[in-house]
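Asker: how would this look folded up:
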Amino acid sequence: MAIAILDPDKETVNIMAALVEEMGHHPAPFTDKEKFLGAINPKSHAVAIIADDFLEVIEGTKMVYPEIEIVAIGQRDALECTKVGASHFLKKPFKAEELQEVLKVLLNLSKSQRFQELRSIVIADPKMKQIMEMIDRVAPTQSPIFIQGESGTGKEVIARYIHSKSKRAGGPYMGINLAAIPDTLLESELFGFEKGAFTGAYATRIGRFELSDHGTILLDEITEISLGLQAKLLRVLQERQIDRVGGKEPISLDFRVIATTNKDIDKLIREGHFRKDLYYRLNVIPVKVPPLRSRMEDIFPLAIYFIKKVAKREGLREKKMGEQAKNALLKYSWPGNVRELENIIERAMILSDGDEILPEIIRSGMEEIPLGDFPLPGTTIPEMERHLIISTLGSAGGNRTKAAELLGISIRTLRNKLNEYKTSGQFSDIPMVKTPGNHG
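Answerer: Presented below is the predicted three-dimensional model:
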């Protein structure tokens with residue numbers, strides 16, 4: 001992996017390139033920002049050193065490629081640079097060893113993040129053990145994998161684990177949350193664009209598929225994309241070729257696809273919102289991740305893992321859980337699944353005094369939906385999901401932002417669910433929906 005360098009002063013660039021070579025790494029030096037933007041990508045560069053003359057380049061690089069660590073250098077205030085995405089700031093003039101020390105830390109951080117997923121699958125529940133055994137069998141293959149499960153169940157963690165166990169583990173892993181990007185921008189995000197393809201395309205940009213060549217691409221929340229883009233995606237999966245926006249020739253690629261959704265895919269297909277042929281192309285190996293409330297034996301091992309994680313990160317002593325704290329964990333319905341458990345443990349670790357996690361701090365985030373208020377056995381999954389959403393909205397006073405946070409889903413997903421209930425005539429018992437600034 002190379003270290004990219006961008007500074008308007010050629011002599012400065014040459015000095016830093018020599019320091020990078022001295023560390024045993026390959027420098028990629030630039031004085032021109034357009035050439036830098038045309039070359040930078042996480043497939044080749046783990047770290048970028050960017051002069052603060054190019055604040056917009058720092059911000060743009062971090063937005064497009066959040067996995068690239070950025071060292072800003074120059075005369076500005078450090079806060080200006082860290083606000084737009086720099087991991088570290090060095091004020092000119094600085095010593096050679098200062099830069100080399102920062103680069104060592106960031107390179108080690110990048111490496112540890114790449115291998116973190118190998119230690120992140122914590123399971124004790126028999127159902128999850130069966131699922132992981134199946135995943136271990138299929139991970140080395142080239143087959144597409146379709147992971148279904150509620151928000152917060154760990155679908156993305158499982159995707160990273162599959163990549164780490166595959167024959168592509170030495171190649172790139174590229175994830176993209178399709179629900180987080182407007183549909184109008186998704187095509188260029190996935191397939192890239194050529195310089196001059198549209199207003200603002202001042203440099204060629206490589207898309208996520210191209211960046212995942214010889215590796216794995218995760219299409220997170222695949223059911224969020226439009227039918228038009230679904231058709232283009234189907235063609236890419238069939239032909240193993242992409243067309244950059246504004247490009248003249250198709251580009252052949254070698255990638256493995258993992259897709260995820262938290263939606264009822266069969267219902268979306270029946271209603272015409274998702275293409276059946278695309279589903280068949282993606283669903284070669286189906287993986288259904290059960291919600292945390294259905295695998296209660298995983299709660300304590302996961303809680304202990306998160307205690308250790310927070311303690312290490314924050315420099316705290318690991319705290320114990322008494323019987324009351326454990327009972328609080330077991331009596332909760334976990335609408336936000338593993339993600340919510342991690343948040344609750346982190347809060348309890350930080351706010352609990354002494355050597356033990358206080359049960360009242362654990363319960364402070366659980367008052368909204370106790371297990372006793374959960375639907376009776378025999379309730380369908382859609383009814384159960386609707387019950388959770390309605391109950392959480394009620395507890396949040398109709399504030400959809402707070403409700404989405406408690407449920408562990410995006411506001412966009414919550415809004416889609418509410419619209420779905422309204423269309424089907426199931427909206428009558430839903431509390432008045434409020435957003436910040438809406439007091440009506």
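Asker: Report the helix or strand with the lowest average pLDDT across the protein.
Answerer: For the chain, the helix or strand with the lowest mean confidence is helix 381-395, at a mean of 70 (criterion: mean pLDDT, DSSP states H and E).
Asker: got the contact list for whichever strand or helix holds residue 14?
Answerer: Secondary structure assignment for residue 14, by DSSP states H and E: helix 10-22. Helix 10-22 is contacted from outside by 3, 5-7, 26-27, 29-31, 49, 51, 96, 99-100, 103, using Cβ atoms under 8 Å, 6 or more residues apart in numbering. Using the backbone N, CA and C atoms, a C-beta is placed for each residue, glycine as well.
Asker: Return the member of the residues you listed nearest to residue 196.
Answerer: residue 30 (20.1 Å; Cβ to Cβ).
Asker: contacting residues around the closest one?
Answerer: Residue 30 touches 4, 5, 6, 13, 36, 39, counting by Cβ under 8 Å, 6+ apart.
Asker: now it, which residues is it bridged with?
Answerer: With DSSP bridges as the criterion, residue 30 is bridged to residue 6.
Asker: measure it to residue 75 for me?
Answerer: 20 Å (Cβ to Cβ, to the nearest Å).
Asker: pLDDT weak spots in the stretch 51-200 of the chain?
Answerer: Under the criterion pLDDT under 70, the flagged ranges of the stretch 51-200 of the chain are 109-120, 200.
Asker: ranges for the helices of it?
Answerer: 55-64, 78-83, 96-116, 126-138, 155-164, 183-191 (DSSP state H, counting those that start in this stretch).
Asker: okay, the ones you listed in CSV with distance to residue 387 and mean neighbour count next?
Answerer: Below are the helices of the stretch 51-200 of the chain laid out as CSV (distance: least, Cβ to Cβ, whole Å; neighbours: other Cβ atoms under 10 Å):
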stretch, distance to residue 387, mean neighbour count
helix 55-64, 38, 18
helix 78-83, 42, 15
helix 96-116, 35, 14
helix 126-138, 22, 14
helix 155-164, 22, 22
helix 183-191, 30, 17
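Asker: Reformat the ones you listed into CSV and put distance to residue 216 next to each item.
Answerer: Output for the helices of the stretch 51-200 of the chain, formatted as CSV (distance: least, Cβ to Cβ, whole Å):
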stretch, distance to residue 216
helix 55-64, 19
helix 78-83, 31
helix 96-116, 12
helix 126-138, 13
helix 155-164, 4
helix 183-191, 15
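Asker: Out of the ones you listed, which is closest to residue 321?
Answerer: Of these, nearest to residue 321 by Cβ to Cβ is helix 126-138, at 20.9 Å.
Asker: What lies in contact with that closest one?
Answerer: 121, 123, 145, 158, 161-162, 165, 285, 287-290, 294-295, 297-298.
Asker: Return the set of buried residues in stretch 349-366.
Answerer: 349, 352, 357, 358, 359, 361, 362, 363, 366 (16 or more other Cβ atoms under 10 Å).
Asker: In strands, which of those appear?
Answerer: Members of these lying in strands (criterion: DSSP state E): residue 357.
Asker: Centre of the chain to the helix holding residue 14, how far?
Answerer: 34 Å (Cα atoms, centre = their mean, to the nearest Å).
Asker: For it, the averaged confidence score.
Answerer: The average pLDDT for helix 10-22 rounds to 93.
Asker: So which bits of that helix are buried?
Answerer: Quick answer for helix 10-22 (16+ other Cβ under 10 Å): 12, 13, 16, 17, 19, 20.
Asker: now the residues you listed as JSON lines including distance to residue 87?
Answerer: Output for the buried residues of helix 10-22, formatted as JSON lines (distance: Cβ to Cβ, whole Å):
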{"residue": "12", "distance to residue 87": "20"}
{"residue": "13", "distance to residue 87": "20"}
{"residue": "16", "distance to residue 87": "16"}
{"residue": "17", "distance to residue 87": "20"}
{"residue": "19", "distance to residue 87": "18"}
{"residue": "20", "distance to residue 87": "16"}
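Asker: Nearest to residue 343 among those?
Answerer: For these, the nearest to residue 343 is residue 20 (38.8 Å; Cβ to Cβ).
Asker: Double-check residue 159 against residue 218; I have them as touching.
Answerer: Yes - at 4.7 Å, residue 159 and residue 218 qualify as touching, with contact defined as Cβ atoms under 8 Å.
Asker: any common contacting residues for those two?
Answerer: Common contacts of residue 159 and residue 218 (Cβ under 8 Å, 6+ apart): 175, 258, 260.
Asker: list the contacts for the first one?
Answerer: Which is residue 175. Each residue near residue 175 by Cβ under 8 Å, 6+ apart is listed here: 156, 159, 160, 217, 218, 220.
Asker: quick one on the thing from earlier: kindly supply the ChimeraX command isolating those of the contacts of helix 126-138 that are buried.
Answerer: In ChimeraX, a selection of the buried entries from these looks like this (16+ other Cβ under 10 Å):
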select :121,123,145,158,161,162,165,285,287,289,290,295,298
